[in-house]
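J.: Predicted model and sequence below, questions to follow.
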Amino acid sequence: MPQLLIELFSEEIPARMQLGAARDFERLFDAKLKASGLSYETIKSYVGPRRLALHIEGLPLEQAAVSEEVKGPREGAPPQALEGFLRKTGLTIDKLVIENGIYIARIEKAARKTTEVLGAILEDVILNFPWPKSMRSGTSTFRWVRPLKRIIFLFNGKVIPFELEGITASNITEGHRFLGSKKPIKVSDFDSYKNGLLENFVILDHYERQNVILSKAREACTKAGLTLMDDQGLLEEVAGLSEWPTPLLGNMDPKFLTLPPEVIKTSMKTHQKYFAVKDNKTGNMAANFVVVSNMAAADGGEEIKRGNAKVLSARLSDGVFFWSEDNRAGNFDAWLEKLKGVTFHAKLGTLYERVQRLKLIAEDIAPLMRADVTASGEAARLAKADLASYMVGEFPELQGVMGGYYSVAAGHRPEISEAVRDHYKPQGPSDTVPAHVVAATVALADKIDTLVGFFAIDEKPTGSKDPYALRRAALGVLRILREHCVRASLSDLVEAWYKSTLTYANADRAVHVDTENWRGSAGPRWAQGTTDTYENYLRDFKQGLLESQIWVVPNTRDYDLDILFEHVTNKQDIKDAVLTFRPFEVVKAEFLEFFADRLKVQLRDEGVRFDLIDAVFALKDDDVIRMIERIRALESIIDTPEGQDVLALYKRVANILNAEAKKGELPSGHARIMSGAPEVETDLIARMSGVGATVRQHIEGEAYLEALKALSTLRGAVDAFLDGVLVNAEDASVRQNRLALLQDIRGLVESVADLSKVTQ
Amino acid sequence: MTAKSAEPLSFQDLILTLHAYWSKQGCAILQPYDVEVGAGTLHPATVLRALGKKPWKAAYVQPSRRPVDGRYGENPNRLQHYYQYQVILKPNPDNLQELYLGSLKAIGLDPDLHDIRFVEDDWENPTVGAWGLGWEVWCDGMEVTQYTYFQGVGGIEVDVVSGELTYGLERLAMYVQNVDNVYDLKFNNAGTTYGDVFKEQERQFSAFNFEASDVDTLKRQFEDMERNVTRILNTENSLGYKLVLPAYDHVLKASHLFNLMDARGAIAVAERQSYIGRIRDLCKACALEWAAQEEARNDAAPIPSL
């Protein structure tokens, strides 16, 4: 069966775009072939620095005749719509059929030669190619990622006549820019294409290049008693930067090994795209690097190694300069001062203000985390300082890591330095949670500040858009709470953020609230040092922060106590507000809902049944650990006979109650033993009082499994009762009492989980 | 290191070789613009000529002034005054990459011994609202040239794409001559080094940039320049249309004054964006005006009057 080969030869395609482009090329072509009724056996795309290629096997020589149905406007639609549809389809009205009130056009396409169809497809794919960034060249308006030079368009051994933007398709390509023969390479099919390239020092397949790089780099390292430090992202990038990848093991000056390994590795990777190398004997970083060149030089690459080593030296010399400057005493204070001039987000203020919030939040939540309050506050205060350091300025990805080093050098206590280093953790599902409680406290404060802050300014994730990575932060919060077994209600965490907004009351600004109970501002008097009364006022003022929208206003007037006592809202102040935060109650509700979704995602990933999650979420509890305990209890019992007993008795009771509820409101109050009641009834009431007390006691102790087991003992008595009496008794008081009894039972079960959500 | 037969080029021979090479490609060989600029692109021969449809080929050396990069002559790689070699070809020819590689060969970089690669780097100069797609060209891991296809200037998309090459001359010379310290470069073949020519200048200007310039004066001059751009553009004159070239000179001067204030640490982080924004707006106004004038000249229509 005929074969199709396409090559789009251009100037160097950015490495980061190559694999995506190969996928798009294949996907788009495949979709167009299918839409044209052309089937094939195999399709595969290839990409390298200068070419994007497609190889399809098993296409027919002729396209089958296609009958296509196109949906048009509804019957009775405005005449313009119908006219437009006729124009589009090229039909007259008598050729249309009407199905379910919609005009349908049946368009018959006669069989065409595959070559004709392919030309149209290729043109369409090229002109609409989804490059992340594309450019024009010279006087042309055609856009491609970089200037497009040549096209191979070969079907069944022959060139398909094709012209685009002054380029005529041919069967000719070229090899490696320097190593190749520098003569045109004529190809007749895919094999001759691939082999012709190989003879001219081009490995066509990206993944083959990756393999060559890895095996040759490892081989060179092993010979020297070294180990290559793998980096998949880097491997992918360098495979996109060379047609004839030639890894070379270079030497660097060992004096640079005094730099932290993270710095060396990041500098190598970011600036130079080198792999770092480990010494097998010491297990530490070696004074070597692996550069993946695109040349097999006559001198075995000696010149190339030497040149690269020189560049690396210059880069690492900068690193040494940054490292020694950053390690000077007193830097932390100077850095914090600098953060005053750096905007975190226009609607949230500066990084310095963020630091202040972090400190207050960390101090607030430290007791929940069983962490030292002073240490947590101090670690939070220092955590972001390294953002102003030289090194993090150069390598943003080293934030935290550098702070940790500098904090040690500055003589801070180990748990504080550890917290500075680890507070960005966990940065993804594969990252760990900070081990020390102080670090975990700062990490939690960091995520709370990000999450609640952006919720407070109404910047929540929508659909696939989550520019501030709030979903990741939420998963981080859940993991910290779970792995450190922290008993905290999520509402308290939101509250900690709202209280921290008092930090905006400083020499330049005042915080203003306006509710039924509170009208007033906290202003500069606070910043100037405080009187006892004012401190009391501020303590109470924090309550106001939870009741109102919060306005941060410029301190143009002397905001102080007087304004509070005047009970005057100055509308002008609110209009002048530089920052505004939505009210606590609103944000809290959204926040809890957001977290419920995140927790569901996390538990689902752990394989927990959806319906069990829903059964516990229905309780509206917001203590994460407690929710999970309940779910785990439910999970472990639900498929056992005891679990089935609870489920059966619950469903039986609930069904009756639901049916009765339709007739009228159910009675309130508890059941009592009525004189003359049958034994099954008095027995159930007696059992309920005993089991009820036990269940409540277990819930109190958060022993949910025990609670469920206790509930299961009611099954026999419930069945006997419902088999033995008619709930809907003629005597109204008897009926009321029986319904009350059933409600007690249902309520008791639902205090553990809402089993109505359980589906099996 | 370099072509084995020949002695490595001195700094001045490097420039002369590039001049000869690009002259042969039809470029007008220009001299440096006589206003301080932070990058060779800002020479009107590039940034303004990139606008409009008229073909244009030029090459020149341009001193770049980066006051904050001064190191008192102590750092082997960093200078507050250095040279860029600029080439602009409008429209970019199809074989620009080959022409460029030819120029490397001409200065003694043998592509068969070295690892020359085109690594994505999309150039952008927010001050003049210019952007383009291209690469940094690496020679054995060192960036030796910025290679750009101009897509926009002054915030507007260009009519015709120019190819722009910016060679870092000192860096390239250090590579060709295989020296580790810029001041050790042979300036010529008669014993003069780069240090002989520039070391004292680096010392004095570093001290001036960081210690001795007067912030109040700089600020006042900046405001004078800024005010004058608008004034010049709006001043009636015997030509009957806007004096965009003199106005652009004043933008360049304002930009350099800003860089000097920056070196003195006189620009608070919060003010920074506002300063850059002010320069960008002025620059954009000039670029737009120049583009309009070019179009009118091209179409032989009257140039838009004041």
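T.: Thanks, I have the structure now.
J.: and residue B:23, what is it in contact with?
T.: B:29, B:59 (C-beta atoms under 8 Å, 6 or more residues apart in numbering or on different chains). (Glycine included, C-beta is placed from N, CA and C.)
J.: Can you say which helix or strand has it in it?
T.: In this structure, residue B:23 sits in helix B:11-24 according to DSSP states H and E.
J.: where does the chain dip in pLDDT?
T.: Let's take chain A. A:517-518, A:524-534, A:555-575 (pLDDT under 70).
J.: ah, no, chain B please
T.: Judged by pLDDT under 70, the stretches of chain B that qualify are B:1-6, B:268-270, B:299-306.
J.: repeat that for 50
T.: B:1-5 (pLDDT under 50).
J.: ok, back up a step: return the distance of the helix holding residue B:23 from the chain's centre.
T.: The chain centre lies 17 Å from the centre of helix B:11-24; the measure is C-alpha atoms, centre = their mean, to the nearest Å.
J.: residues of that helix that come out buried?
T.: Judged by neighbour count using 16 or more other C-beta atoms under 10 Å in any protein chain shown, the buried positions of helix B:11-24 are B:11, B:12, B:13, B:14, B:15, B:18, B:19, B:21, B:22.
J.: Alpha carbons of that helix, in CSV - could you do that?
T.: What follows is helix B:11-24, C-alpha atoms only, in CSV (Å, rounded to 0.1, in the frame of the first residue of the first chain):
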residue,chain,number,x,y,z
PHE,B,11,40.3,43.5,18.6
GLN,B,12,40.5,46.2,15.9
ASP,B,13,41.1,43.6,13.1
LEU,B,14,38.0,41.8,14.3
ILE,B,15,36.0,44.9,13.7
LEU,B,16,37.8,45.6,10.4
THR,B,17,37.2,42.0,9.2
LEU,B,18,33.5,42.3,10.1
HIS,B,19,33.3,45.6,8.3
ALA,B,20,34.9,44.1,5.2
TYR,B,21,32.7,41.1,5.3
TRP,B,22,29.4,42.9,5.7
SER,B,23,30.5,45.6,3.3
LYS,B,24,30.7,42.9,0.7
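J.: And the next helix or strand past it?
T.: strand B:28-30.
J.: who's in contact with that following strand?
T.: B:19, B:22, B:23, B:43, B:45, B:57, B:58, B:59, B:60.
J.: Now the nearest residue to the second one once chain neighbours are set aside: phi and psi?
T.: In other words, residue B:22. Among residues not flanking residue B:22 along the chain, residue B:59 sits closest, at 3.9 Å (C-beta to C-beta, 6 or more residues apart in numbering or on different chains). Torsion angles at residue B:59 (phi, psi; degrees, to the nearest 10) stand at phi -140, psi 140.
J.: which residues touch residue B:59?
T.: Contacts of residue B:59 by C-beta under 8 Å, 6+ apart are B:18, B:19, B:22, B:23, B:27, B:28, B:29, B:30, B:85, B:86, B:87, B:88.
J.: Can you tell me which of these is nearest residue A:272?
T.: residue B:85 (23.9 Å; C-beta to C-beta).
J.: doesn't residue B:155 make contact with residue B:131?
T.: No. Counting by C-beta atoms under 8 Å, residue B:131 stays clear of residue B:155, with 9.3 Å between them.
J.: What is the neighbour count of whichever residue of the stretch 101-250 of chain B sits closest to chain A?
T.: At 2.8 Å from chain A, residue B:140 is the closest residue in the stretch 101-250 of chain B, using C-beta to the nearest C-beta. Using other C-beta atoms under 10 Å in any protein chain shown, residue B:140 is surrounded by 26 other residues.
J.: Now the closest residue to it other than its chain neighbours: which helix or strand?
T.: Nearest non-adjacent residue to residue B:140, counting by C-beta to C-beta, 6+ apart: residue A:307, 2.8 Å away. Using DSSP H and E, residue A:307 falls within helix A:302-326.
J.: Wondering if the next helix-or-strand element following that helix reaches chain B at all.
T.: Next helix or strand after helix A:302-326 toward the C-terminus (DSSP H and E): helix A:331-339. Yes. Applying C-beta under 8 Å from any C-beta of the partner chain, one finds helix A:331-339 touching chain B at residue A:338.
J.: buried sites along helix A:331-339?
T.: A:331, A:332, A:335, A:336, A:338, A:339.
J.: I'd assumed residue A:355 was in contact with the fourth one.
T.: Yes. The criterion here is C-beta under 8 Å, and residue A:336 meets it with residue A:355 at 6.6 Å.
J.: Could you report the neighbour count for residue B:227?
T.: 12.
J.: Quick check: closest non-adjacent residue to residue A:479.
T.: residue A:433 (5.2 Å).
J.: wait, what's in contact with that neighbour?
T.: A:425, A:426, A:440, A:443, A:476, A:479, A:480, A:483, A:484.
J.: now swap in residue A:476 and tell me
T.: Going by C-beta under 8 Å, 6+ apart, the list of residues near residue A:476 reads A:425, A:426, A:427, A:433, A:443, A:447.
J.: Out of those residues, name the ones that lie in helices.
T.: The helices, defined by DSSP state H, take in A:443, A:447 from those.
J.: List buried residues within the contacts of residue A:476.
T.: The buried subset of those (16+ other C-beta under 10 Å) comprises A:425, A:426, A:433, A:443, A:447.
J.: Report the two of those separated the most.
T.: Farthest apart among the buried ones among the contacts of residue A:476 - using C-beta to C-beta - are A:433 and A:447, which lie 11.2 Å from each other.
J.: Near residue B:88, how many other residues are there?
T.: Using other C-beta under 10 Å: residue B:88 sits among 28 other residues.
J.: Centre-most residue in chain B?
T.: Centroid-nearest residue in chain B, with C-alpha atoms, centre = their mean: residue B:40, separated by 0.8 Å.
J.: quick one: it from chain A, how far?
T.: Distance of residue B:40 to chain A, computed by C-beta to the nearest C-beta, to the nearest Å: 21 Å.
J.: need the helices for chain B, in chain order.
T.: B:11-24, B:44-47, B:96-106, B:169-177, B:194-207, B:215-234, B:244-263, B:269-298.
J.: So which other helices or strands are in contact with the shortest one?
T.: Under the contact criterion of 3 or more C-beta pairs under 8 Å, 6 or more residues apart in numbering or on different chains; DSSP states H and E, helix B:44-47 touches strand B:56-65, strand B:81-90.
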